[in-house]
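*Asks:* Sequence and predicted model, in that order:
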Amino acid sequence: MGLMATSTGSKLLQDDIEEIKQKCDYTIAIAGNPNVGKSTVFNALTGMKQHTGNWPGKTVENTSGICEYKNKKILLVDIPGTYSIMSNSEEEEIARDYICFGNPDATIVIVDATCLERNLNLVYQVMEITKNIVVCVNLLDEAKKKGIKIDLEKLEQKLGVPVVGTIARKKKTLNKLMEKVYDVSSKSIEYIPKYINYIPIIEDSIKIISSKVKNLLPVEKQYLSRWISLKLIDREEKILNSIEKKLDIKILENEEIKNKLIELEELLNKNDINKENIRDTIVSSIIFEAESICKEIIEYENIRYQQKNRKIDKILTSKIWGIPIMILFLGVILWLTIIGANYPSSLLSQFFGWLQDKIVFVFEHFNSPIWLKGILIDGVYCTLTWVISVMLPPMAIFFPMFTLLEDLGYLPRIAFNLDKYFKKACSSRKTSINYVYGTWL
Amino acid sequence: MKNVKDLSKVELNKEVKVKKINCNGNIKRRILELGMIEGTKIKPVLKSPLGDPTAYEVRGSIISLREEDSKNIEIV
């Protein structure tokens, strides 16, 4: 049998996920902005029971894992970290499609407590495509350090969906998260998300269209009518096409909807809303809402902490010191990796040599044929131990050091310092704009 | 008549307000999603050793923008 698409390609993986899903009681999607500790929460919940692959037909990695709660097997699916799910980048498409059409029993949106306002954007967008959502306010310890106080109960009231505060290192807080996730997936408590109220003219348009859209949707997907209507008004053809494909319905070609849309276009034009500014209007509404909520629920103390950090940043990115400090940091890491690794390397190879003598002794004791000894000891054993003693120590030094730099938040500063060089090397502009680095540095 | 001012020319630590974003497509959307809309206060706080990009303080976050993008943001 040759290698066919069915045996190697995306089909295989899709079946794979479906198969695991069958064995589990609930499926939960984990979404969130990049760098909010999503993978830390995911790892803490699933432990070693993880499964990695790629999203069907995509180059983006997919991780899922199983966690047990109240004797139920719960499959957690890690969704790519995104700031939004409106655009057509590969990650956002995956996130959107999985939450919307992958039928998870609940979606956890992890947000960063230290920059809640920006993170709420994603929460509101996810609320539009699913009712079953739990908001997890992560990095509460960081926020406390930075003097940020968040009234989680009030946030829950404002959003209409369960909100849990977590510190990924503390198991207790994660249990609380799972409790809410369990409540939502088992539908034991019904939550009603509070949608964004767009400006009246857009709200009216949504109302007019959604009654028509509702008729086309299967019962279990009818809550999507508001979102689909918004996309119709916004003319997001790519998203609409994928909706049509996934739900196997025809929206854009529906005569009734077509006519209504033409009517609405005139109405919107009269109110100075056109193709160019409608998206701004929609995004602005979300941002204003997030702003007003955050004003009510967040208290800032400890301004000095931020000032101190700003000073450190000034040095790390200064004209004179920025680049030398960076070279020094990276140089020290490389030096430690190269020179420092020599000692454990030689220890390891000494140990393996000592072990080899013992093994050879055993082989000779049983009078094993020369060819067997050749294969197993000179071949397998020597190669394997050689690789381990040479490769393991540098890796065991380099990766933890690099993780430390990452945790200190130094990597985005490097990106900031070097961006102009990257630009000259024609790296994508996404690299620069994506290095949004933390809050209240 | 007053000249149109853009974000790339604002000096460090001077707070200004966003007036208009003059670019399109995904870049515009991303800028909007990061909270930079009409009336948002924005303050350049750090400059890269090479002068570009610049980091701005917006809504409590620090966001870095290249000059080619920040010059498309009109301010008052």
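*Replies:* Arrived safely.

*Asks:* Surely A:Val390 and A:Ser346 touch.
*Replies:* No. In this structure, A:Val390 is not within contact of A:Ser346 by Cβ atoms under 8 Å, at 10.3 Å. Using the backbone N, CA and C atoms, a C-beta is placed for each residue, glycine as well.

*Asks:* Any buried residues in the lengthiest helix in chain A, and which?
*Replies:* Using DSSP state H to assign secondary structure, the helix with the most residues in chain A is helix A:382-407. If you call a residue buried by 16 or more other Cβ atoms under 10 Å in any protein chain shown, then helix A:382-407 has these buried ones: A:385, A:389, A:393-394, A:397-398, A:401.

*Asks:* Relative to A:Ile192, which of these is nearest.
*Replies:* Looking at the buried residues of helix A:382-407 and their distance to A:Ile192, the nearest is A:Met401, at 48.4 Å (Cβ to Cβ).

*Asks:* Next, the buried residues of the helix or strand bottoming out on mean pLDDT in chain B.
*Replies:* Of all the helices and strands that make up chain B, the one with the lowest confidence by mean pLDDT, DSSP states H and E is helix B:25-33; it has a mean of 79. Within helix B:25-33, the residues that qualify as buried by neighbour count (16+ other Cβ under 10 Å) are B:27-33.

*Asks:* Could you tell me which ones among the residues you listed also sit near chain A?
*Replies:* By Cβ under 8 Å from any Cβ of the partner chain, the members of the buried residues of helix B:25-33 lying near chain A are B:27, B:29-30, B:32-33.

*Asks:* from the stretch 151-300 of chain A, which residue is nearest to chain B?
*Replies:* Shortest the stretch 151-300 of chain A-to-chain B distance, computed as Cβ to the nearest Cβ: residue-wise this is A:Val283, at 4.3 Å.

*Asks:* So for the residue positioned nearest the centre of chain A, what's the nearest residue that isn't a sequence neighbour?
*Replies:* With distances taken as Cα atoms, centre = their mean, A:Gly81 lies nearest the centre of chain A, 2.5 Å away. Beyond its immediate neighbours in the sequence, the residue positioned closest to A:Gly81 (Cβ to Cβ, 6 or more residues apart in numbering or on different chains) is A:Pro34, lying 3.8 Å away.

*Asks:* Could you say which helix or strand holds that neighbour?
*Replies:* Under the criterion of DSSP states H and E, A:Pro34 resides outside all helices and strands.

*Asks:* quick one, phi/psi of it?
*Replies:* A:Pro34 has phi and psi values of phi -60, psi 150 when expressed as degrees, to the nearest 10.

*Asks:* so the residue nearest to the centre of chain A touches A:Gly37, yeah?
*Replies:* No. Taking contacts as Cβ under 8 Å, A:Gly81 lies outside contact range of A:Gly37: 10.3 Å.

*Asks:* Quick one: low-confidence residue ranges for chain B.
*Replies:* Along chain B, the parts satisfying pLDDT under 70 run over B:1-3.

*Asks:* Within range of chain A, give me the residues from it.
*Replies:* So far as Cβ under 8 Å from any Cβ goes, chain B lies against chain A at B:21, B:26-27, B:29-30, B:32-35, B:37-38, B:45-53, B:55, B:59-66, B:68-69.

*Asks:* which among the residues you listed end up buried?
*Replies:* Buried subset of these (neighbour count, 16+ other Cβ under 10 Å): B:21, B:27, B:29-30, B:32-35, B:37, B:45-50, B:52-53, B:55, B:59-66, B:69.

*Asks:* and the residues you listed, which of them are in strands?
*Replies:* Among these, the members falling in strands (DSSP state E) are B:21, B:45-47, B:55, B:61-65.

*Asks:* Show me which of those is closest to A:Thr337.
*Replies:* Once Cβ to Cβ is applied, the member of these that ends up nearest A:Thr337 is B:Ser64, at 28.8 Å.

*Asks:* pretty sure that closest one contacts A:Asp419?
*Replies:* Yes. Using Cβ under 8 Å, B:Ser64 is in contact with A:Asp419, at 7.4 Å.

*Asks:* count of residues packed around A:Asn269?
*Replies:* Counted with other Cβ atoms under 10 Å in any protein chain shown, residues neighbouring A:Asn269 total 11.

*Asks:* That one falls within a strand, correct?
*Replies:* No. When DSSP: H, G, I helix; E, B strand; the rest coil is applied, A:Asn269 is found to be helix, with no strand at that position.

*Asks:* Show me how chain A divides into domains.
*Replies:* Structural domains of chain A, as assigned by automatic domain parsing, span the residue ranges A:13-185, A:200-298, A:308-434.

*Asks:* May I see the ones you listed arranged in CSV, with distance to B:Lys17 and mean pLDDT as well?
*Replies:* Converted to CSV, the domains of chain A look like this (distance: least, Cβ to Cβ, whole Å; pLDDT from 0 to 100):
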stretch, distance to B:Lys17, mean pLDDT
domain A:13-185, 17, 86
domain A:200-298, 14, 86
domain A:308-434, 21, 84
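
*Asks:* Looking at the ones you listed, spot the one closest to A:Pro193.
*Replies:* Between A:Pro193 and the domains of chain A, the tightest spacing by Cβ to Cβ is seen for domain A:13-185, at 4.4 Å.

*Asks:* got the end-to-end distance for stretch B:18-28?
*Replies:* Criterion Cα to Cα, to the nearest Å; first-to-last residue distance in stretch B:18-28 is 13 Å.

*Asks:* Show me the contact partners of it.
*Replies:* A:87, A:89, A:280, A:429, A:433, B:7, B:31-32, B:36-40, B:42, B:69, B:72-76 (Cβ atoms under 8 Å, 6 or more residues apart in numbering or on different chains).

*Asks:* Which positions in the stretch 251-400 of chain A make contact with chain B?
*Replies:* Taking Cβ under 8 Å from any Cβ as the measure of proximity, the stretch 251-400 of chain A contacts chain B at A:279-280, A:283-284, A:287, A:290-291, A:310, A:313-314, A:317-320, A:322-323.

*Asks:* how far away is the most far-flung residue of chain A relative to its centre from B:Asn26?
*Replies:* Among the C-alpha atoms of chain A, the one farthest from their average position, using Cα atoms, centre = their mean, is that of A:Asn367, at 57.4 Å. Remark: distance between A:Asn367 and B:Asn26 (Cβ to Cβ, to the nearest Å) = 72 Å.

*Asks:* can you check A:Asn54 too?
*Replies:* With distances taken as Cβ to Cβ, A:Asn54 is found 23 Å from B:Asn26.

*Asks:* circling back: distance of the residue nearest to the centre of chain A relative to chain B?
*Replies:* 14 Å (Cβ to the nearest Cβ, to the nearest Å).

*Asks:* and that residue, that one's in a strand?
*Replies:* No. Secondary structure of A:Gly81, determined by three-state DSSP: coil, with no strand assignment.

*Asks:* For it, which residues are in contact?
*Replies:* The contact partners of A:Gly81, taken as Cβ under 8 Å, 6+ apart, are A:31-36, A:38, A:91.

*Asks:* likewise A:Ile20?
*Replies:* Residues touching A:Ile20, when contacts are defined by Cβ under 8 Å, 6+ apart, comprise A:51, A:64, A:66, A:75.

*Asks:* How far away from the center of its chain is stretch A:180-199?
*Replies:* Here the centre of mass of C-alpha atoms in stretch A:180-199, compared against the chain's by Cα atoms, centre = their mean, to the nearest Å, lies 21 Å away.

*Asks:* what's the first-to-last distance across it?
*Replies:* 32 Å.

*Asks:* what residues are up against residue 33?
*Replies:* You didn't say which chain, so I picked chain A. A:Asn33 sits next to A:81-83, A:110-112, A:118-119, A:122 when contact means Cβ under 8 Å, 6+ apart.

*Asks:* try chain B instead
*Replies:* Under the criterion of Cβ under 8 Å, 6+ apart, the neighbours of B:Glu33 are A:83-84, A:86, A:121, A:283.

*Asks:* Drop the exposed ones from those residues and show what's left.
*Replies:* When burial is judged by neighbour count using 16+ other Cβ under 10 Å, the buried members of the contacts of B:Glu33 are A:83-84, A:86, A:121, A:283.
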